[in-house]
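Chemist: Coordinates only, no sequence provided:
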């Protein structure tokens, strides 16, 4: 009965058409305006914006031409070691003297470089094709260092020319001196085998290490130079480490991939 009386009272009351109708509170209009602005900005960014992504991969500091393994062309006994580890030699320089049945033979460097390892000792019997030394292809002390990054093959196509690369050098405390800066110089589109990496670096252990998760792609990175640092290269810190960098130093690289437009993620 109570509801019936309220309904009858409502029918008997005037329509109150002269009173304004409130569609929304001011707070509601503010919320709606902010929502529209945000949606419009998001739509513009989805069409014109981009998302940067990176890929991490192991790297090693080398000279641009890499290294090679010097092999003995003859079998015999080593009677003299004519080079020292760390010595820089021109092409065709003597490294070993090997006594064979036909007489003494001198094992010489194939190309100019620095001897990074000697595997032969005096008195050792070696066979034809035996590895006797590793030589890094660098002719001058002022030749620049590069970084060779071994990126997973599935990411190679996403690396643009001159892409930014940050290198965390294992011998340099990153918390104190930051990361080494560089840019992509070239991308080798063919996957690297353990043997090809060994031939380039002159180290079979590194060949196995860089291929343990599959055959990677070699990315050559040119290090950014700086006259204001001791190393001669640019770091994320102002001065970088107070010492020079050496080749065959390991690092962890972060390579910036090509920017991706977010709208591509939404469209089929």
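Modeler: Structure received. Values in this document were obtained by computation on a predicted structure and should not be read as measured data. Numbering: from 1, shown residues only.
Chemist: Nearest residue to residue 138 in space, please, no chain neighbours.
Modeler: Setting aside the residues directly before and after it, residue 138 is nearest to residue 63 in space (CB to CB, 6 or more residues apart in numbering), at 4.3 Å. Just so you know, the C-beta spots here come from the backbone N, C-alpha and C atoms, and that holds for glycine as well.
Chemist: how many other residues sit next to the residue lying closest to residue 211 once chain neighbours are set aside?
Modeler: Computed as CB to CB, 6+ apart, the closest residue to residue 211 that is not its neighbour in sequence is residue 194, at 4.5 Å. Neighbour count of residue 194, defined by other CB atoms under 10 Å: 17.
Chemist: same question, residue 173
Modeler: Using other CB under 10 Å, residue 173 has 11 neighbouring residues.
Chemist: quick one, helices of the stretch 151-268 of the chain?
Modeler: For the stretch 151-268 of the chain, the helices defined by DSSP state H, counting those that start in this stretch occupy 174-177, 194-201, 204-210, 263-266.
Chemist: If I average pLDDT within each of those, which one is lowest?
Modeler: Lowest mean pLDDT of the helices of the stretch 151-268 of the chain: helix 263-266, a mean of 49.
Chemist: check contacts around the nearest residue in space to residue 91 that is not next to it in sequence.
Modeler: Leaving aside its chain neighbours, residue 91 sits nearest to residue 112 (4.8 Å; criterion: CB to CB, 6+ apart). The contact partners of residue 112, by CB atoms under 8 Å, 6 or more residues apart in numbering, come to 88, 89, 90, 91, 137, 138, 139.
Chemist: Mind listing the residues bridging to residue 99?
Modeler: The bridge-partner assignment for residue 99, based on DSSP bridges, gives residue 77, residue 104.
Chemist: On the pLDDT front, check it for me.
Modeler: On the pLDDT scale, residue 99 gets 95.
Chemist: so it makes contact with residue 79?
Modeler: Yes - Residue 99 lies in contact with residue 79 (CB atoms under 8 Å); the separation is 4.9 Å.
Chemist: Look up how far residue 121 lies from the residue nearest to residue 125 when sequence neighbours are not counted.
Modeler: Of all residues not flanking residue 125 in the chain, residue 77 sits nearest, at 5.4 Å (CB to CB, 6+ apart). Residue 77 sits 11 Å away from residue 121, going by CB to CB, to the nearest Å.
Chemist: likewise residue 109?
Modeler: 18 Å.
Chemist: Also residue 63?
Modeler: 27 Å.
Chemist: what's the answer for residue 73, then?
Modeler: Taken as CB to CB, the span from residue 73 to residue 121 is 19 Å.
Chemist: give me the number of residues near residue 138?
Modeler: Counted by other CB under 10 Å, the residues lying close to residue 138 total 23.
Chemist: which residues does it contact?
Modeler: 63, 65, 88, 112, 113, 114, 247.
Chemist: Look at the last one and report its pLDDT.
Modeler: Per-residue confidence (pLDDT) for residue 247: 86.
Chemist: Go ahead and confirm it touches residue 62.
Modeler: Yes - with contact defined as CB under 8 Å, residue 247 reaches residue 62; the gap is 5.4 Å.
Chemist: Which one of these two is surrounded by more residues?
Modeler: Using other CB under 10 Å, the more surrounded residue of residue 247 and residue 62 is residue 62, with 22 against 18.
Chemist: residues making contact with the helix or strand encompassing the more buried one?
Modeler: If you go by DSSP states H and E, residue 62 is part of strand 54-63. Strand 54-63 has contacts (CB under 8 Å, 6+ apart) with 136-138, 143-152, 155, 158-159, 167, 169, 201, 206, 209-210, 216, 219, 221, 245-257.
Chemist: For that strand, the averaged confidence score.
Modeler: 91.
Chemist: quick one: average confidence on the helix or strand following it?
Modeler: For strand 54-63, the succeeding helix or strand toward the C-terminus, using DSSP H and E, is strand 67-71. Averaged across strand 67-71, the pLDDT comes to 88.
Chemist: Remind me what strand 67-71 packs against, helices and strands.
Modeler: Applying 3 or more CB pairs under 8 Å, 6 or more residues apart in numbering; DSSP states H and E, we find strand 67-71 packed against strand 113-118, strand 131-136, helix 194-201.
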